[in-house]
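A.B. asks: below: sequence and its predicted model.
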Amino acid sequence: MSPFFVMSLLFGLTFSQTASLCAPSEYIIHVEKRECAYCLAINTTICAGFCMTRDSNGKKLLLKSALSQNVCTYKEMLYQTALIPGCPHHTVPYYSYPVAVSCKCGKCNTDYSDCVHEKVRTNYCTKPQKLCNM
């Protein structure tokens, strides 16, 4: 084998391992209920990062197994519950949310993930804010 081929192969293997940077990342969720006086800012972790994908433009030329559109998604997660302050007695003041323990590159599961990236920013408070460190 030529030295150029070996170096190219080593570079490709190294780059493909470092290019998939999918890991738990800190994130703040803003939660509010119409009946409650405050918005709760919850520090949690979500899965975020880059996963290697293959271009699907050549889908007529390639096998289905060669077309992978992987996303950074949960490998392990747990749910925690927070108490939203300032809620009247007739309102359930609890909010449960996922916490990423570990992440993987894989198919997006719509049972527990939002698989569409929205362009509109909806993660903000309209009421006075309280911070919840879990």
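C.D. replies: In hand now; what should we look at?
A.B. asks: may I see the buried residues of stretch 35-43?
C.D. replies: By 16 or more other C-beta atoms under 10 Å, the buried positions in stretch 35-43 come out as 36, 38, 39, 40, 41, 42. Glycine gets a C-beta too; all of them are placed from N, C-alpha and C.
A.B. asks: what score does the first one have for pLDDT?
C.D. replies: Read it as residue 36. As predicted, residue 36 sits at a pLDDT of 91.
A.B. asks: repeat that for the fifth one.
C.D. replies: pLDDT for residue 41: 88.
A.B. asks: that one pairs with what?
C.D. replies: Going by DSSP bridges, residue 41 is paired in beta bridges with residue 30, residue 131.
A.B. asks: hmm, residue 102 and residue 76 touching each other?
C.D. replies: Yes. Residue 76 is within contact range of residue 102, at 4.5 Å (criterion: C-beta atoms under 8 Å).
A.B. asks: for residue 108, the count of nearby residues, please.
C.D. replies: Residue 108 sits with 15 neighbouring residues when counted by other C-beta atoms under 10 Å.
A.B. asks: which outside residues touch stretch 72-90?
C.D. replies: By C-beta atoms under 8 Å, 6 or more residues apart in numbering, the residues outside stretch 72-90 that reach it are 22-23, 31-33, 35-38, 40, 42, 44, 47-51, 93-109, 112-113, 130, 132, 134.
A.B. asks: only the buried subset of those, as a ChimeraX command please.
C.D. replies: Buried residues within the contacts of stretch 72-90, by 16+ other C-beta under 10 Å, are selected in ChimeraX with:
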select :22,31,32,33,36,38,40,42,44,47,51,93,95,97,98,99,100,103,104,105,113,130,132
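A.B. asks: return the subset of the contacts of stretch 72-90 lying in strands.
C.D. replies: 22-23, 31-32, 40, 42, 44, 47-50, 94-106, 130, 132 (DSSP state E).
A.B. asks: where does pLDDT dip in the chain?
C.D. replies: Within the chain, the stretches with pLDDT under 70 are 1-20, 54-68, 112-123, 130-134.
A.B. asks: fine, thanks again, bye for now.
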